[in-house]
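# I'd like to go over a predicted model; first the sequence, then the structure.
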Amino acid sequence: MLIKVYNITRIFNYPIALLSILMGMCGSAQAEQKTPKLVLQITVDQLRADLPYRYQDRFVKNGFNYLFDNGVVYKDAHHPHANTETIVGHVTLATGATPATHGLIANMWFDRNAQRQVYNIEDDNYVLLSKGAAVDKDTEIDPTQKAANVEGRSPANIIGSTFADELSISTNGRAKVFSVSVKDRGAVSLAGHSGKAFWFSKQAGEFVTSNYYYQAYPSWVEDWNNKSYIKQFAGTQWQLLNKKDTYLFGNDDDKAWEMDMAGYGRTFPHAFGSESSKYFTTLLTVSPVGDEMTVDFAKALVKAESIGDDDITDYLAISLSATDYIGHFFGASSLESEDNILRLDRTLADLFEFIDEHVGLTNTVIVLSADHGGPEVPGYLNEKNIYGEYVPRTDWEQSDEVKAVKKLLRINERLVEAFSPPYIYLDMDTIAKTDFPPAMVQDLLVAELNKREEIFTAIASHKLESGNFPDTPIYQAVFNNHSQGRSGDIYLVFNPHDFINDLEGLTVTATHGSPWNYDTHVPIIFVGKDIAARNVSRRVETIDLAPTLSALLNIKAPSASEGKVLVEVVQSK
């Protein structure tokens, strides 16, 4: 075979020509670099997917509309699990796994070994860096945080890796990974096992963390806390952004079902009170101030930690909690919720402007979603001639259904060990003293519970573990929520528009946690320079978010990820 050899010097009369071409080729390769400098993950707590569209006509240009105009917008995105609570949704978004796999099946569950309810991220191996920053059980309105026996927080209960973990692994720890939220569980979940998490302590009035993450605060955190951001709101009020007659719910500012706590009132303006007031910091979080404060802290983080300053992709998660607290106090269809979303739109616009200035939006991938949606208030539905009602909290051990089963089986001791919604935990020691297998006891109690008018279905855990259940969306969602060792023996699904509003003694206007569409339907929006804007109507799931981010960065998906890569995001323009 004849091999033809070319003399480069004959092709190029001048060596400098070759050098110029080679340099140009290198320059082209750099210009085509697609790896973003930053992944910005925004999770809006209790943002049901339809809510932004209600008020879009009054949005500013570069808030929600920046996402709608420039992103892939999934119009039919849902959480695939039944218990749509905060930690459950956050960890699902982070891991790409269902709670049956990642293990965070509820904000709190009954620990049979400890013989008590446990809070999802409590960890007695760690303490908070700030003294006096633990949950004040006398003033804390979040009953799940009050359940914690220790002040320490960590991601130890999360089974498997998160997207943030995989980014850290793929860069040998060079990626800067941070998460910020008012809620501890909102921050800890998204930071994963390898990132750094900060959250707001209502007791201390500052952002804190535990010694899982740091042995001492970085100086910039101390600087931010020392400026006492919250002082500016002492003696002020949450007032309407616009004229009242421009609001959809402008004539609905005083409803009997809305909460009125600590003088906050049911109507605008809502007074925060003095800085010394018992509930001052709490009321700030039940307003748009909670999100504005979180974003202000995140801005300080971006500048101090040089986020997006090099060629290694960094990760910043911001979980915004105000929409959730306001939804619990006033409901989704309220003047407070409407004003909050209009202000949230401006908060997002402010954040995006800041990111553009310091990192560049063309260098940033933004993904926005929610940990869950939320229901309409029964009273609001009733005004529209639609059924809905509150379900009384039941002491199941004293219920007629449990008494009937105990009588049938001749059980004289306690049968129900705990009720940690949505799960009933049976006393296995009591059952062990009988001649009846646990599965039989579960089935008998399920048969009795299914006679109750407010219960859509009660589901025995042994059915889920054996795979012996009907192939319906509701059963599949409950199956996706079942984690052996943490889940209870019977899962209760209440009828649509029925829910318990007594949260361990605190009566709220609305609460989420069901497998119904209003609680599962959330936004999923991806924006980035190589992501072509479009609306997608097919049904997708929140477990798809983490593996899609991984595919976008060409790193491996989280270890227990069950989702699919969303092709519209990874296809180039």
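Looks like it came in fine. Numbers count the residues shown, from 1 in each chain.
# can you give me the buried ones in the helix ranked longest in the chain?
For the chain, the longest helix by residue count, based on DSSP state H, is helix 335-358. For helix 335-358, the neighbour count (16 or more other C-beta atoms under 10 Å) marks 335-352, 354-355, 358 as buried. Backbone N, C-alpha and C define where each C-beta goes, glycine included.
# likewise for stretch 563-573?
Under 16+ other C-beta under 10 Å, the buried positions of stretch 563-573 are Gly563, Val565, Leu566, Glu568, Val569, Val570.
# just name the closest of the residues you listed to Leu445, please.
Nearest to Leu445 out of these is Gly563 (C-beta to C-beta; 34.4 Å).
# now do the same contact list for the closest one.
Residues in contact with Gly563 (C-beta atoms under 8 Å, 6 or more residues apart in numbering) are Gly96, Ala97, Glu541, Thr542, Ile543, Asp544, Leu545, Ala546, Pro547, Thr548, Ala557.
# looking at the residues you listed, which are in helices?
The members of the contacts of Gly563 that map onto helices under DSSP H are Leu545, Ala546, Pro547, Thr548.
# just to revisit the earlier point, could you look up the next helix or strand downstream of the longest helix of the chain?
strand 364-369 (DSSP states H and E).
# check which helices and strands that next one is in contact with.
When contacts are defined as 3 or more C-beta pairs under 8 Å, 6 or more residues apart in numbering; DSSP states H and E, strand 364-369 sits against strand 38-44, strand 521-527, helix 545-553.
# dump those into TSV; add mean pLDDT as well.
Shown next, in TSV, are these (pLDDT from 0 to 100):
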stretch	mean pLDDT
strand 38-44	99
strand 521-527	98
helix 545-553	98
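# now these in CSV, please, with extra columns for mean neighbour count and distance to Ala197.
Output for those, formatted as CSV (neighbours: other C-beta atoms under 10 Å; distance: least, C-beta to C-beta, whole Å):
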stretch, mean neighbour count, distance to Ala197
strand 38-44, 24, 13
strand 521-527, 24, 22
helix 545-553, 24, 17
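# okay if I get these as a markdown table plus distance to Leu464?
Putting the helices and strands packed on strand 364-369 into a markdown table (distance: least, C-beta to C-beta, whole Å) gives the following:
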| stretch | distance to Leu464 |
| --- | --- |
| strand 38-44 | 28 |
| strand 521-527 | 24 |
| helix 545-553 | 24 |
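# out of the ones you listed, the one nearest Asp165 is which?
helix 545-553 (10.2 Å).
# and the closest one, what other elements does it pack with?
strand 38-44, helix 86-95, helix 163-170, strand 364-369, helix 567-570.
# relative to Ala300, which of these is closest?
Taking those one by one with C-beta to C-beta, strand 38-44 is closest: 15.5 Å.
# show residues contacting that closest one.
89-90, 93, 163, 167, 186, 190, 307-308, 313-320, 323, 344, 348, 355, 359, 363-371, 523, 549, 553.
# now Gly513: how far from Glu376?
14 Å (C-beta to C-beta, to the nearest Å).
# okay, these two: which has more neighbours?
Gly513 (22 against 18; other C-beta atoms under 10 Å).
# for that one, what are its contacts?
Counting by C-beta under 8 Å, 6+ apart, Gly513 touches Asn83, Thr84, Glu85, His372, Pro421, Pro422, Phe499, Asp519.
# can you check Lys176 too?
Taking C-beta under 8 Å, 6+ apart, we find Lys176 in contact with Glu305, Ser306, Ile307, Ile312, Asp314, Tyr315.
# so among those, which ones count as buried?
By neighbour count, with 16+ other C-beta under 10 Å, those hold Glu305, Ile307, Ile312, Asp314, Tyr315 as buried.
# helices or strands up against the one helix or strand the last one maps to?
This means Tyr315. Taking DSSP H and E as the criterion, Tyr315 maps to strand 314-320. Strand 314-320 makes packing contacts with strand 38-44, helix 163-170, strand 177-181, helix 184-191, helix 289-304, helix 335-358 when contacts are defined by 3+ C-beta pairs under 8 Å, 6+ apart.
# okay, those in a markdown table with distance to Trp199 next?
A markdown table is the format used below for the helices and strands packed on strand 314-320 (distance: least, C-beta to C-beta, whole Å):
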| stretch | distance to Trp199 |
| --- | --- |
| strand 38-44 | 13 |
| helix 163-170 | 16 |
| strand 177-181 | 5 |
| helix 184-191 | 4 |
| helix 289-304 | 9 |
| helix 335-358 | 18 |
